[in-house]
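Trainee: Fold the following.
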Amino acid sequence: MLPHVTPPQLGPITSFGVLAMLGAYFGLAAGSRHAEKLGLDPALVRRMAICCGVGGVLGAHYMDLFLYQPGWSERPDAVWRFVNPSAGISSYGGLIGGTLGFFVFAFWNRVKRLRYADAALVGVVVLLTFGRAGCASVHDHVGIASHSPFAVDFPAGNPSGVVGPHHDLGLDEFALCCLLLATTVILLRRPRRPGWIVGVVAIGYATPRFFLDFLRRDLTDPRYAGLTPAQWSCVATLAAAIALLVWIFRRREPPPAHYLEATPWRVHLRNLVRVHVVPAPSGSNATRRGISNWRPSAREETASSPRTLCTARPSRQSRLHIGEADETSGTRSRAWPPDERGRQIGTRRSVAREAHADVPAGDCAG
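Mentor: Just a heads-up that it's a prediction; the model follows:
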């Protein structure tokens, strides 16, 4: 029998919140690194993470509100419960909402869905493991009474209101997620068919989760036709995972020949929290934080380049001589790209000089 351990709490900061944030941090790093090994676009991966994150938060809250809190609309704080995501969350609701967010991302971006789903799954498994560690730390999923050696002995006066040895479903599912995470790492040591790992992990999670929910109390987990909402979700997950695996094997798409070289873990973790300060020319207001691909504007590039400080636009005669159409000839003049204007002018001026054209002197900046 395991002892009941109460973690310290600092105001509104709980161990569950800390572990959930760490799960999001390490999950994003793990998913990004696997996406890099698959050769996926980093910008699209970040967009996918945002869509899945928003969908996961909304799904976790509203599934808990509508299915795990019967009669919530009759309470005085019903409006606050509806708009406040922290008023109750469901892990399976987060998985369903994150999946819907992924579908929205895939629909709008027209990407290879299964390859991006593989990267998303790696992050989800890491996030779920940390999240269940948080549930186990605060003991917010107390099950039925049991004398199992893995039961937790709840003392009198604890927030759950039970006394004696009971199943701690947060702890049980944390052990399940650790096993699932280790299995995922082992299976992904070599490339797999796109989407294969998604179906395998979905079956590996939904099957034991279905039976673990029989250990939950009716007081905290209402039943619908004899099953909890999570159990009905497990049935749907199993059906979808089997259909996905059948479709993958019928499609016969080969796996990648090999993984691409990925950035080390420490670099991924550092880049998620590092603030990049990109220097800009003096007198410019273009200093940006967190953006590493800043480029000077056309005016700044022209003004700061010593080769284009004293350049002047060629005259009409020189333009005609080097082959540029005249405005009065009825033909359209060729446009100059904004970011290459200075270089284009300097090049045409040198050509005009070689052709002995009359180029008027320009105003020199110094």
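Trainee: Quick one: end-to-end distance for stretch 215-231.
Mentor: One end of stretch 215-231 sits 12 Å from the other (CA to CA, to the nearest Å).
Trainee: Phe154: what's it in contact with?
Mentor: Counting by CB atoms under 8 Å, 6 or more residues apart in numbering, Phe154 makes contact with 4, 139, 142, 160, 162-166. Yep, even glycine has a C-beta here, placed from its N, CA and C like the rest.
Trainee: Next: Ala35.
Mentor: Listed by CB under 8 Å, 6+ apart, the contact set of Ala35 reads 42, 45, 116, 119.
Trainee: and it, what element?
Mentor: Ala35 belongs to helix 15-37 when assigned by DSSP states H and E.
Trainee: What backbone torsions are found at Gly143?
Mentor: phi -100, psi -160 (degrees, to the nearest 10).
Trainee: And it, how far from Val235?
Mentor: 21 Å (CB to CB, to the nearest Å).
Trainee: now do Phe105
Mentor: Taking CB to CB as the measure, Phe105 falls 26 Å from Val235.
Trainee: From the contacts of Ala35, list the buried ones, please.
Mentor: Buried members of the contacts of Ala35, scored by 16 or more other CB atoms under 10 Å, are 45, 116, 119.
Trainee: Of those residues, just say which sits nearest to Gly195.
Mentor: Ranked by distance to Gly195 (CB to CB), these are led by Tyr116 at 10.0 Å.
Trainee: returning to what we had before: could you check which of Gly143 and Val235 has the larger neighbour count?
Mentor: Between Gly143 and Val235, counting by other CB atoms under 10 Å, Gly143 is the more crowded of the two (24 against 12).
Trainee: phi, psi of the spatially closest residue to that one that is not a sequence neighbour?
Mentor: Leaving aside its sequence neighbours, Gly143 sits nearest to His167 (CB to CB, 6 or more residues apart in numbering; 3.1 Å). Main-chain torsions, His167, degrees, to the nearest 10: phi -70, psi 140.
Trainee: His167 and Ser148 touch, don't they?
Mentor: Yes. Counting by CB atoms under 8 Å, His167 does reach Ser148; the two are 7.0 Å apart.
Trainee: Of these two, give the one with the bigger neighbour count.
Mentor: Under the criterion of other CB under 10 Å, the comparison of His167 against Ser148 puts His167 first, with 21 against 15.
Trainee: and His141, what does it touch?
Mentor: 135, 168-170, 173, 216, 220.
Trainee: Show me which pair in those residues is furthest apart.
Mentor: Distances among the contacts of His141 were taken as CB to CB; the most separated pair is Glu173 and Thr220, at 14.5 Å.
Trainee: Which one's more surrounded, these two?
Mentor: Ranked by neighbour count (other CB under 10 Å), Glu173 and Thr220 place Glu173 first, with 25 against 14.
Trainee: Can you show me the strands along the stretch 1-150 of the chain?
Mentor: Shown for the stretch 1-150 of the chain, the strands assigned by DSSP state E, counting those that start in this stretch span residues 2-3, 142-145.
Trainee: Near the closest residue to Thr129 other than its chain neighbours, how many other residues are there?
Mentor: Leaving out its chain neighbours, the residue that sits closest to Thr129 by CB to CB, 6+ apart is Cys177, at 4.1 Å. Residues lying near Cys177 (other CB under 10 Å) number 22.
Trainee: Now do the SS call for Cys177.
Mentor: Secondary structure, DSSP: H, G, I helix; E, B strand; the rest coil: Cys177 is helix.
Trainee: how about it, what does it touch?
Mentor: Applying CB under 8 Å, 6+ apart, the residues near Cys177 are 125, 128-129, 132, 205.
Trainee: Also Cys135?
Mentor: Counting by CB under 8 Å, 6+ apart, Cys135 has contacts 16, 91, 141, 169-170, 173-174.
Trainee: one more time with 7 Å, if that's ok
Mentor: Cys135 makes contact with 16, 141, 170, according to CB atoms under 7 Å, 6 or more residues apart in numbering.
Trainee: per-residue confidence for it?
Mentor: If you check Cys135, the pLDDT there is 94.
Trainee: what about the spatially most central residue of the chain, distance to Ala175?
Mentor: Closest residue to the average C-alpha location of the chain: Ala49 at 1.8 Å, with CA atoms, centre = their mean. Distance, Ala49 to Ala175, using CB to CB: 27 Å.
Trainee: ditto for Gly71
Mentor: When Gly71 is compared with Ala175 (using CB to CB), they lie 33 Å apart.
Trainee: Please identify which of the two sits among more neighbours.
Mentor: A count of neighbours by other CB under 10 Å puts Ala175 above the other of Gly71 and Ala175, at 13 against 7.
Trainee: neighbours around the closest residue to Leu2 other than its chain neighbours, how many?
Mentor: Counting by CB to CB, 6+ apart, Val152 is the residue found nearest to Leu2 once chain neighbours are left out, at 4.9 Å. By the criterion of other CB under 10 Å, Val152 has 26 neighbours.
Trainee: Leu44 reaches Arg110, doesn't it?
Mentor: No. Leu44 lies out of contact with Arg110 (CB atoms under 7 Å); the separation is 10.4 Å.
Trainee: neighbour-wise, which of these two wins?
Mentor: Taking other CB under 10 Å, Leu44 and Arg110 do not tie; Leu44 has more neighbours (16 against 7).
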